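# Dropping the sequence and predicted coords here.
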Amino acid sequence: MLVIAMETGSGGHVRWAGRRHDDDRPDATAGASPAELFDAVFHALHDGEQVALGLDCALTLPAAADQASAGDETEAAANQPGLAELGYLLGELGNWRPWTTVSTSLARWKANTSILVWQAVPAPGAGPVTATAATDSFFRQLPGAQEAQKAGETDGTVVNLAAATARRAGLFVDPSELAQPTVSITVTDG
């Protein structure tokens with residue numbers, strides 16, 4: 001398993017860092033360009049690994065009351081830092097690996113070799129999320145995150161931006177995920 005977290009607020013560029021489940025070195029793999037991120041994800045998938053990709057931006061929006069507003073809000077959010085880079089990455093994967101499955105559900109992700117897109121949320125009172133801290137928090141919180149996600153499921157009152165971005169890229173996403181929140185990991189330092 002390769003876990004990568006993206007820092008979307010790093011001066012117009014998306015810095016990212018990650019590591020494999022069997023490597024404890026901080027920033028074992030890192031970069032600052034979408035092309036480097038694509039290479040890391042592509043090679044991990046090619047080697048049969050699962051990939052968990054975390055972003056430090058909102059991946060779930062409250063659903064708009066009317067459909068016209070919902071489309072406008074989703075389109076505007078797709079261009080925010082992080083989601084634009086996610087769209088690029090998933091679009092490239094759609095070109096090179098169109099059979100790739102993207103999920104925002106831990107249960108679905110654990111059942112197949114795919115990409116899990118998750119949201120890195122700062123702990124209350126903490127500063128900005130760093131990619132290294134987000135990756136470490138993912139590994140620490142993974143065992144309990146599935147139960148937390150089940151507890152946070154809704155009745156379709158949200159728009160899952162990560163699932164919508166994956167669908168726009170032409171990759172398979174379970175349609176039910178479009179109206180469910182993404183996996184959310186609270187980033188802590190230890």
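Yep, that arrived.

# What score does the residue nearest to Cys57 when sequence neighbours are not counted have for pLDDT?
Nearest in space to Cys57, with sequence neighbours left out and distances taken as CB to CB, 6 or more residues apart in numbering, is Gly82 at 3.9 Å. Heads up, the C-betas are built off the backbone N, CA and C, glycines and all. Note on Gly82: pLDDT of 82.

# next one: Thr74
On the pLDDT scale, Thr74 is placed at 63.

# cool, His43 as well?
93.

# Now tell me what touches the helix or strand containing it from outside.
Here His43, judged by DSSP states H and E, is contained in helix 34-46. Residues outside helix 34-46 that contact it (CB atoms under 8 Å, 6 or more residues apart in numbering) are 2, 4, 6, 14, 16, 18, 29, 31, 50-51, 53, 85, 88-89, 92-93, 96-97, 100, 113, 115.

# all strands of the protein, in order?
Secondary structure of the chain (DSSP state E): strands at 2-10, 13-20, 29-31, 51-55, 60-62, 102-103, 115-122, 158-160, 183-187.

# helices or strands next to the shortest one in the packing?
Translated: strand 102-103. Judged by 3 or more CB pairs under 8 Å, 6 or more residues apart in numbering; DSSP states H and E, strand 102-103 is in contact with strand 115-122, helix 161-168.

# And stretch 99-118, end to end?
20 Å (CA to CA, to the nearest Å).

# ok, how many other residues are close to Gln141?
Neighbourhood size, Gln141 [other CB atoms under 10 Å]: 16.

# Would you mind measuring from the residue lying closest to Asp189 once chain neighbours are set aside to Pro122?
Nearest residue to Asp189, sequence neighbours excluded (CB to CB, 6+ apart): Ala133, at 5.8 Å. As judged by CB to CB, to the nearest Å, Ala133 and Pro122 stand 9 Å apart.
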